[in-house]
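Enquirer: Turn this into a model:
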Amino acid sequence: MSDAYLAPAASHRYVLNLVRNSDRDRFLGALFAPEPARTDLLALLAFNHELARTRSVTREPMLARIRLEWWREAVGEAAGAGKPRAQPVVESLSETVRRHRLRPPDLVALVDAREEEIDGPLDVLRAGHALADLELAVLGVGDEASRRAARAVAAAWLMGEGPERDAMLADARALCREIDPAALPILLPALSLGDIGAWRKPLAYWWAARRGRY
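Expert: Numbers count the residues shown, from 1 in each chain. Below you'll find the predicted structure:
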């Protein structure tokens, strides 16, 4: 598909710090993945963060669409054979995309989901499923139970508190005996949607990972 690409170490450091500061709960989950999957998950989370903050960066719909179009073009470069544009998230994402031969349409699906949010509410199922599918791809997980659980957790992450989110998490947890353990790094953040103190999270994640729970 494309030639291998190694992002600059500075870009990986930038992505790590970005995700740690802006998406700490999912950052903690990613730490339980082995390398290079850990780096790949962080690249996807940084990409997702940049898309998600479009509405906060600009309230003008036209400018928001221009920003998302920039990311569509960047995705094309990430999957290409040439050098991607010199932006840390794009560079780190490019390494991930080429290492796993991720399909551009699968990445663009996440951009498209965020574009819907410009004029109306976010489709949490569409956005959550798009991210979960990409994460599963870099983890090398392809079984149906893991896919259903990961999609449910990713969609629940985008919801406010309520019975719908609780039901979605319950459905995901009901699959814990069937999922591929390799998927745990993206399932562990489900713990943060419950009543757990910030200082307890690292230990809670570790204990849950040992037990295969989330």
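Enquirer: gap between stretch 134-144 and the chain center?
Expert: 12 Å (CA atoms, centre = their mean, to the nearest Å).
Enquirer: So for it, what gets flagged as buried?
Expert: 134-139, 141 (16 or more other CB atoms under 10 Å). Using the backbone N, CA and C atoms, a C-beta is placed for each residue, glycine as well.
Enquirer: Which residue ranges of the chain form helices?
Expert: Using DSSP state H, the helices found in the chain span residues 9-22, 24-30, 37-52, 54-57, 61-78, 88-100, 104-119, 124-139, 144-157, 163-173, 184-187, 201-211.
Enquirer: With mean pLDDT and distance to residue 195 added, can I get these in JSON lines?
Expert: Shown next, in JSON lines, are those (pLDDT from 0 to 100; distance: least, CB to CB, whole Å):
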{"stretch": "helix 9-22", "mean pLDDT": "98", "distance to residue 195": "23"}
{"stretch": "helix 24-30", "mean pLDDT": "98", "distance to residue 195": "14"}
{"stretch": "helix 37-52", "mean pLDDT": "98", "distance to residue 195": "24"}
{"stretch": "helix 54-57", "mean pLDDT": "87", "distance to residue 195": "27"}
{"stretch": "helix 61-78", "mean pLDDT": "96", "distance to residue 195": "35"}
{"stretch": "helix 88-100", "mean pLDDT": "98", "distance to residue 195": "33"}
{"stretch": "helix 104-119", "mean pLDDT": "95", "distance to residue 195": "28"}
{"stretch": "helix 124-139", "mean pLDDT": "98", "distance to residue 195": "21"}
{"stretch": "helix 144-157", "mean pLDDT": "98", "distance to residue 195": "15"}
{"stretch": "helix 163-173", "mean pLDDT": "97", "distance to residue 195": "12"}
{"stretch": "helix 184-187", "mean pLDDT": "98", "distance to residue 195": "18"}
{"stretch": "helix 201-211", "mean pLDDT": "96", "distance to residue 195": "11"}
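Enquirer: taking these together, which one is wrapped up most tightly?
Expert: Compared across the helices of the chain, helix 184-187 shows the largest average neighbour count, a mean of 27 (mean count of other CB atoms under 10 Å).
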